[in-house]
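**Q** Here is my input, please return the structure:
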Amino acid sequence: MNLVVPPITPELNKDLSVFLAGSIESGVAQKWQDKVIEELSEENVTLLNPRRLSWDASWEQKIDNPVFKEQVLWELEALEKADMIIMYFDKNTTSPITLLELGLYARSNKLVVCCPDGFWRKGNVDIVCEQYGLQKVNSLEELINEVKKKLE
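**A** Purely as a prediction, here's the structure:
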(Lines give C-alpha, C1' and ligand atoms only; values in the text may rest on other atoms or scores of the structure.)
Protein backbone atom coordinates (compact mmCIF):
# COMPACT_ATOMS: atom_id res chain seq x y z
CA MET A 1 0.00 0.00 0.00
CA ASN A 2 1.08 3.52 -0.80
CA LEU A 3 -0.34 6.25 1.45
CA VAL A 4 -0.43 9.85 0.23
CA VAL A 5 -1.43 12.69 2.55
CA PRO A 6 -1.36 16.45 2.08
CA PRO A 7 0.68 18.39 1.29
CA ILE A 8 2.50 15.63 -0.67
CA THR A 9 1.54 15.87 -4.33
CA PRO A 10 -0.51 12.84 -5.34
CA GLU A 11 1.76 10.98 -7.78
CA LEU A 12 -0.04 7.85 -8.88
CA ASN A 13 1.33 4.63 -10.30
CA LYS A 14 -0.45 1.68 -11.92
CA ASP A 15 -2.07 0.59 -8.63
CA LEU A 16 -5.70 1.33 -7.94
CA SER A 17 -5.95 4.77 -6.33
CA VAL A 18 -8.66 5.40 -3.74
CA PHE A 19 -9.61 8.76 -2.24
CA LEU A 20 -10.87 8.53 1.34
CA ALA A 21 -13.74 11.04 1.31
CA GLY A 22 -15.83 11.48 4.38
CA SER A 23 -16.26 12.80 7.86
CA ILE A 24 -13.14 14.35 9.36
CA GLU A 25 -14.53 16.79 11.95
CA SER A 26 -11.84 16.90 14.63
CA GLY A 27 -12.91 15.62 18.01
CA VAL A 28 -16.26 14.39 16.66
CA ALA A 29 -15.70 12.02 13.74
CA GLN A 30 -14.22 8.61 14.35
CA LYS A 31 -10.87 8.18 12.63
CA TRP A 32 -12.39 5.76 10.13
CA GLN A 33 -9.53 6.40 7.69
CA ASP A 34 -7.16 4.62 10.09
CA LYS A 35 -9.26 1.45 9.85
CA VAL A 36 -9.27 1.62 6.04
CA ILE A 37 -5.49 2.08 5.99
CA GLU A 38 -4.98 -0.84 8.40
CA GLU A 39 -7.29 -3.17 6.48
CA LEU A 40 -5.68 -2.38 3.12
CA SER A 41 -2.06 -2.19 4.29
CA GLU A 42 -1.07 -5.39 2.46
CA GLU A 43 -2.83 -4.53 -0.82
CA ASN A 44 -1.47 -3.02 -4.04
CA VAL A 45 -3.38 0.22 -3.65
CA THR A 46 -2.65 3.92 -3.31
CA LEU A 47 -4.76 5.59 -0.63
CA LEU A 48 -5.27 9.32 -0.87
CA ASN A 49 -6.07 10.43 2.67
CA PRO A 50 -6.99 14.11 3.13
CA ARG A 51 -6.53 13.90 6.92
CA ARG A 52 -3.51 16.18 7.19
CA LEU A 53 -1.10 15.16 9.96
CA SER A 54 -0.14 18.78 10.66
CA TRP A 55 -3.67 20.25 10.58
CA ASP A 56 -4.22 23.25 12.85
CA ALA A 57 -7.88 23.97 13.63
CA SER A 58 -7.04 27.63 14.25
CA TRP A 59 -6.18 28.22 10.57
CA GLU A 60 -8.57 30.64 8.93
CA GLN A 61 -10.51 28.88 6.23
CA LYS A 62 -10.14 31.61 3.64
CA ILE A 63 -8.85 31.65 0.09
CA ASP A 64 -6.03 34.02 1.05
CA ASN A 65 -4.68 31.61 3.68
CA PRO A 66 -1.99 29.74 1.70
CA VAL A 67 -1.97 26.62 3.91
CA PHE A 68 -5.75 26.27 3.81
CA LYS A 69 -5.83 26.87 0.05
CA GLU A 70 -3.08 24.27 -0.42
CA GLN A 71 -5.20 21.73 1.51
CA VAL A 72 -8.34 22.35 -0.54
CA LEU A 73 -6.45 22.26 -3.83
CA TRP A 74 -4.74 19.02 -2.77
CA GLU A 75 -8.13 17.45 -2.08
CA LEU A 76 -9.58 18.61 -5.41
CA GLU A 77 -6.57 17.27 -7.33
CA ALA A 78 -6.63 13.96 -5.47
CA LEU A 79 -10.38 13.54 -6.07
CA GLU A 80 -9.86 14.12 -9.80
CA LYS A 81 -6.92 11.71 -10.05
CA ALA A 82 -8.42 8.89 -7.96
CA ASP A 83 -9.73 5.78 -9.70
CA MET A 84 -12.23 5.25 -6.88
CA ILE A 85 -13.74 7.45 -4.17
CA ILE A 86 -15.04 5.82 -1.01
CA MET A 87 -17.25 8.09 1.05
CA TYR A 88 -18.12 7.58 4.70
CA PHE A 89 -20.61 9.77 6.57
CA ASP A 90 -20.13 9.51 10.36
CA LYS A 91 -23.58 9.84 11.95
CA ASN A 92 -22.16 12.11 14.67
CA THR A 93 -21.06 14.79 12.19
CA THR A 94 -22.57 17.25 9.73
CA SER A 95 -19.78 16.77 7.14
CA PRO A 96 -20.55 19.73 4.85
CA ILE A 97 -17.45 19.20 2.72
CA THR A 98 -18.31 15.53 2.21
CA LEU A 99 -21.80 16.56 1.09
CA LEU A 100 -20.17 19.00 -1.33
CA GLU A 101 -17.90 16.25 -2.66
CA LEU A 102 -20.91 13.95 -3.08
CA GLY A 103 -22.50 16.56 -5.33
CA LEU A 104 -19.29 17.17 -7.27
CA TYR A 105 -18.66 13.48 -7.97
CA ALA A 106 -22.17 11.99 -8.16
CA ARG A 107 -21.81 11.59 -11.94
CA SER A 108 -18.20 10.37 -11.92
CA ASN A 109 -18.84 6.60 -11.71
CA LYS A 110 -16.11 6.50 -9.04
CA LEU A 111 -18.16 6.69 -5.82
CA VAL A 112 -19.10 4.07 -3.26
CA VAL A 113 -21.06 5.62 -0.37
CA CYS A 114 -21.71 4.57 3.21
CA CYS A 115 -24.26 6.72 5.04
CA PRO A 116 -25.50 5.02 8.22
CA ASP A 117 -28.86 5.58 9.86
CA GLY A 118 -28.71 8.62 12.10
CA PHE A 119 -26.74 10.88 9.72
CA TRP A 120 -28.62 14.18 9.76
CA ARG A 121 -28.99 14.35 5.95
CA LYS A 122 -29.25 10.63 5.21
CA GLY A 123 -32.42 11.21 3.19
CA ASN A 124 -30.64 13.66 0.90
CA VAL A 125 -27.67 11.32 0.50
CA ASP A 126 -29.94 8.34 -0.26
CA ILE A 127 -31.88 10.30 -2.89
CA VAL A 128 -28.69 11.51 -4.62
CA CYS A 129 -27.36 7.94 -4.63
CA GLU A 130 -30.62 6.60 -6.07
CA GLN A 131 -30.92 9.37 -8.67
CA TYR A 132 -27.38 8.89 -9.99
CA GLY A 133 -27.12 5.13 -9.54
CA LEU A 134 -24.38 5.35 -6.92
CA GLN A 135 -23.37 2.21 -5.10
CA LYS A 136 -24.30 2.31 -1.42
CA VAL A 137 -23.13 0.05 1.38
CA ASN A 138 -24.27 -0.21 4.98
CA SER A 139 -21.03 -0.25 6.96
CA LEU A 140 -17.38 0.75 6.94
CA GLU A 141 -16.46 -2.93 6.62
CA GLU A 142 -18.53 -3.20 3.43
CA LEU A 143 -16.87 -0.05 2.10
CA ILE A 144 -13.44 -1.64 2.64
CA ASN A 145 -14.65 -4.86 1.00
CA GLU A 146 -15.68 -2.90 -2.10
CA VAL A 147 -12.10 -1.68 -2.47
CA LYS A 148 -10.86 -5.27 -2.08
CA LYS A 149 -13.32 -6.46 -4.76
CA LYS A 150 -12.06 -3.77 -7.13
CA LEU A 151 -8.50 -5.01 -6.52
CA GLU A 152 -9.35 -8.57 -7.60
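**Q** how about the helices in this protein?
**A** For the chain, the helices defined by DSSP state H occupy 32-39, 66-81, 96-105, 122-131, 140-151.
**Q** ok, now how distant is Leu16 from Glu70?
**A** Distance, Leu16 to Glu70, using CB to CB, to the nearest Å: 26 Å. C-betas here are computed from N, CA, C, even on glycine.
**Q** ok, now Cys114?
**A** Computed as CB to CB, the Cys114 to Glu70 distance reads 28 Å.
**Q** Report the contact partners of Ile144.
**A** Lys35, Val36, Glu39, Leu40 (CB atoms under 8 Å, 6 or more residues apart in numbering).
**Q** go again using 10 Å as the cut-off
**A** Applying CB atoms under 10 Å, 6 or more residues apart in numbering to Ile144 gives the contacts Trp32, Lys35, Val36, Glu38, Glu39, Leu40, Ile86, Tyr88, Cys114, Val137.
**Q** isn't the last one right up against Cys115?
**A** Yes - judged on CB atoms under 10 Å, Val137 makes contact with Cys115 at a distance of 9.2 Å.
**Q** Neighbour count for Cys114 and Glu70, which is higher?
**A** Taking neighbours as other CB atoms under 10 Å, Cys114 and Glu70 compare with Cys114 leading, 24 against 13.
**Q** if we can go back for a sec, okay, the helices of the chain in a markdown table with distance to Leu47 and mean pLDDT next?
**A** Shown next, in a markdown table, are these (distance: least, CB to CB, whole Å; pLDDT from 0 to 100):
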| stretch | distance to Leu47 | mean pLDDT |
| --- | --- | --- |
| helix 32-39 | 6 | 97 |
| helix 66-81 | 10 | 96 |
| helix 96-105 | 16 | 98 |
| helix 122-131 | 23 | 98 |
| helix 140-151 | 9 | 97 |
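**Q** okay if I get those helices as JSON lines plus distance to Leu53?
**A** Shown next, in JSON lines, are these (distance: least, CB to CB, whole Å):
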{"stretch": "helix 32-39", "distance to Leu53": "12"}
{"stretch": "helix 66-81", "distance to Leu53": "12"}
{"stretch": "helix 96-105", "distance to Leu53": "18"}
{"stretch": "helix 122-131", "distance to Leu53": "28"}
{"stretch": "helix 140-151", "distance to Leu53": "21"}
